[in-house]
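Trainee: Generate a structure from the sequence data that follows.
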Amino acid sequence: MLIKRDIQDHVMNIAGEYPVVTIMGPRQSGKTTLAKMLFPYHQYVNLEEPDQRMFAQTQPRDFLKSYSGDLIIDEIQRVPDLLSYIQVIADNNKKMGQFILTGSHQPKLKAGIAQSLAGRTAIITLLPLSVRELNSAGLVFERDDYIFRGFMPRIYGENLNPVHLYQNYYATYVERDVRQLINVGSQISFERFIKLLAGRIGQIVNLNSLAGDAGVSQTTLTSWLSVLEASYIVFRLPSYSNNFGKRAVKAPKLYFYDVGLAASLLGIESTRQVYRDPLLGGLFENMVILEALKTMHNNGKIPGLYYFRNQNGLEIDLIYSRGREIVPIEIKAGTTFDLSYAKNIKLFKKLSDEIKDGYVVYGGDRQVKTGDAEFIGFRESSSITIL
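Mentor: Okay, here's the model as predicted:
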């Protein structure tokens, strides 16, 4: 089953403005499928294939000449030197959308683009499927089903077992990508570390404390965390601070790019286990924040997403910065409508006139507008960042 991606219109618009389009994102998020679907007349090559990679590395000019016309190059970060040769062709031909590049490792790809393709390519981030995309395809599930299944396209397109997919995803991609970027001395310690991160989902991560639990130095954990971010496994949500937030906590909070992987690392093997898991609130929060992040990327917006916490204990789970407006969003896993969910939004609004009425995204379906916030079900949460 091929699921239409919300980012399609944005990609096609960009392809009409730039000679090179670079699609980045996690492994198996659908980058190749999207490129082939939107550009069916482009030729295709995958640099994960050893023969093609060797050809591109040793004879880059001949490699590119062997593909006449427009070209999709998969996993371009495997041969970053190729970007300089693509630059020459793009400058000479001046044809929009000639090259469609995909990549999974952010540092190598961004460094190469900054050096060779600045001004010649647009970077697009494709994350796994969203609740909105699944619903549009007629795939409507309950809260715990989404958390257990995750959002990798193959789970829905090929009807795969999430338990098996995420176990293989970790062994095949996460461990391999980490080994390509750094030398992991102990695979056991690394696996312990990433499971510890899953156990702290939605929290401020204290690497000093984690170092003792993982049995490695804080310096090593800093390096490992950077690689996990670069490989689109985890991301840190920054804190929002302004003049009204002088006592705001500055440290970021940690989330996973796919909530299904986080659930797998926590040992969740069924939908029923999600409801009983003590981290249900953090997993649900992760899913909703991802929905906002995906919506912004899919519409070509620069994510202006934050959280807020001050030293008095006031916390807002998600803040959407819309121009000069500040939109607070509280995220509650509960499925029953409860007015108390909005109490922090009411307190937060007192800090500044720039803070607008907010939203409460919760696990139920009832939509209600109160004095300071609008309650919406999580399936509709993408509408907040489309406005």
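
Trainee: Spell out the secondary structure type for the residue lying closest to residue 76 once chain neighbours are set aside.
Mentor: Distance criterion C-beta to C-beta, 6 or more residues apart in numbering; nearest residue to residue 76, sequence neighbours excluded, is residue 101 at 4.3 Å. C-beta: built from backbone N, CA, C; applies to glycine. Under DSSP: H, G, I helix; E, B strand; the rest coil, residue 101 falls in the strand class.

Trainee: close enough to count as contact, residue 101 and residue 75?
Mentor: No - the pair formed by residue 101 and residue 75 falls short of the contact definition of C-beta atoms under 8 Å, at 9.1 Å.

Trainee: Same drill for these two, tell me which one is more crowded.
Mentor: Counted by other C-beta atoms under 10 Å, residue 101 and residue 75 do not tie: residue 101 has more neighbours, with 28 against 22.

Trainee: Next one: that one from residue 73, what distance?
Mentor: Between residue 101 and residue 73 the distance is 5 Å, computed by C-beta to C-beta, to the nearest Å.

Trainee: coming back round to it: how close does the residue nearest to residue 76 sit to residue 9?
Mentor: 20 Å.

Trainee: Where in the chain is the helix or strand with the lowest mean pLDDT?
Mentor: Least confident helix or strand of the chain, by mean pLDDT, DSSP states H and E, is helix 106-112 with a mean of 66.

Trainee: List the residues that contact the residue most central in space within the chain.
Mentor: For the chain, the residue nearest the mean C-alpha position is residue 257 (4.1 Å; C-alpha atoms, centre = their mean). Residue 257 makes contacts with 26, 127-128, 232-235, 290, as judged by C-beta atoms under 8 Å, 6 or more residues apart in numbering.

Trainee: Show me how the protein divides into domains.
Mentor: The record's domain split for the chain, according to automatic domain parsing, is 8-125, 131-279, 305-386.

Trainee: one step back: OK, contacts around the residue nearest to residue 76?
Mentor: 20-23, 72-73, 76, 86, 121.

Trainee: Can you lay out these as TSV showing secondary structure, neighbour count and pLDDT?
Mentor: Formatted as TSV, these follow (DSSP: H, G, I helix; E, B strand; the rest coil; neighbours: other C-beta atoms under 10 Å; pLDDT from 0 to 100):
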residue	secondary structure	neighbour count	pLDDT
20	strand	26	93
21	strand	26	94
22	strand	25	93
23	strand	26	95
72	strand	23	98
73	strand	29	97
76	helix	29	91
86	helix	24	92
121	strand	21	84
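
Trainee: quick check, distance from stretch 302-316 to the centre of its chain.
Mentor: Distance of stretch 302-316 from the chain centroid (C-alpha atoms, centre = their mean, to the nearest Å) equals 19 Å.

Trainee: So residue 309: helix, strand or coil?
Mentor: Put simply, residue 309 is strand when judged by three-state DSSP.

Trainee: and it, what are its bridge partners?
Mentor: Judged by DSSP bridges, the bridge partners of residue 309 are residue 315.

Trainee: what about it, how many residues close to it?
Mentor: 20.

Trainee: Which residue comes closest to residue 237 once chain neighbours are left out?
Mentor: Per C-beta to C-beta, 6+ apart, closest to residue 237 is residue 253, 4.9 Å.
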